[in-house]
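Chemist: here you go, sequence then predicted model.
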Amino acid sequence: MKFETTNEIDKFSFRDARITELHKSGKDLVLQLEGLIVLPGNSMNREYSASYAQGGVLRLEDYQLKAGIKEGLKKYDANENLVSVIEDEPLTEEGLEDLLMTKMPNAWLYDMQEIDAEENNRQAVLGIEMPKENENDPTEVTDAYQVKVSYSRCTIGFEGYLSRVQM
C-alpha cells in the first residue's frame, strides 16, 4: 500500500463503501473496500479535499465480534399512517459468524464509528446493508445490520486517490 493510516477511522467516510472481499488472516479481519472516502483531516490526505481511495484495505487486528443486531423498521402508508413495525433482532454468535462470512462480502459498509479508543482495546460499530436483489426496484427493502467489534489496532491502506467526492 502506498498510503496507510493507523486508528484513523474518523478520518474516512464509509457512506459509499462496498465490501468487495472479506477474509480472516490469523487473528485479523481484512476487508477490501471500493468507494472508501478519504477525508480532508486524514494524515495521508495532502489534497485537503474529500477523495475516493483506490484499492482500500481495512484491517482490524486481534478482532472479536462482540454483538450485533438486524435492524428493524417501521412501514407507513401513503398517508403516513403506521402500518407495521418490525423490531430489532439481536444476532446470536452463530448469526454473527454467518453474517460475517457469507453475507458481508458484496454488502455495503455504509458507516463505521469508533466508540471506544482505549489502548489495545478499541471498539467500533459497523453499519452494514445488504445489496438489492433487483436493482431496478426502487421499493425493495434490504436487510441492515449493526455489528460491534473489538480490536487492538485498525489500519486502513490504499494505493492512491481517485476523483474528488461531489458533496
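Modeler: Right, received. Where do you want to start? Every value quoted in this text rests on a predicted model; they were computed, and no experiment measured them.
Chemist: how near is R46 to V38?
Modeler: 10 Å (Cβ to Cβ, to the nearest Å). In short, each C-beta sits where N, CA and C put it, glycine included.
Chemist: more neighbours: these two, which one.
Modeler: V38 (27 against 8; other Cβ atoms under 10 Å).
Chemist: so that one touches Y161, yeah?
Modeler: Yes - using Cβ atoms under 8 Å, V38 is in contact with Y161, at 7.0 Å.
Chemist: common neighbours of the two, please.
Modeler: 51-53 (Cβ atoms under 8 Å, 6 or more residues apart in numbering).
Chemist: ok, and the most crowded of those residues?
Modeler: Most crowded among the shared contacts of V38 and Y161, counting by other Cβ under 10 Å, is A53 at 25 neighbours.
Chemist: which ones are touching it?
Modeler: 3, 12, 33, 36-38, 158-162.
Chemist: of those, which is the nearest to M130?
Modeler: L33 (16.2 Å; Cβ to Cβ).
Chemist: give the contact list for V83.
Modeler: V83 neighbours (Cβ under 8 Å, 6+ apart): 75-77.
Chemist: quick one: the helices in this structure?
Modeler: 93-98 (DSSP state H).
Chemist: okay, which residue is most central for this protein?
Modeler: L109 (2.8 Å; Cα atoms, centre = their mean).
Chemist: that residue pairs with what?
Modeler: Beta-bridge partners for L109, by DSSP bridges, are I128.
Chemist: F12 too?
Modeler: If you apply DSSP bridges, the partners that F12 bridges to are V38.
Chemist: for it, give me its contacts.
Modeler: 36-39, 42, 53, 112, 156 are the contacts of F12 under Cβ under 8 Å, 6+ apart.
Chemist: and those, which is closest to V141?
Modeler: M112 (22.6 Å).
Chemist: near that closest one, how many other residues are there?
Modeler: If we define neighbours as other Cβ under 10 Å, then M112 has 23 of them.
Chemist: next, the contact list for it, please.
Modeler: Contacts of M112 by Cβ under 8 Å, 6+ apart are 9, 12, 14, 124-127.
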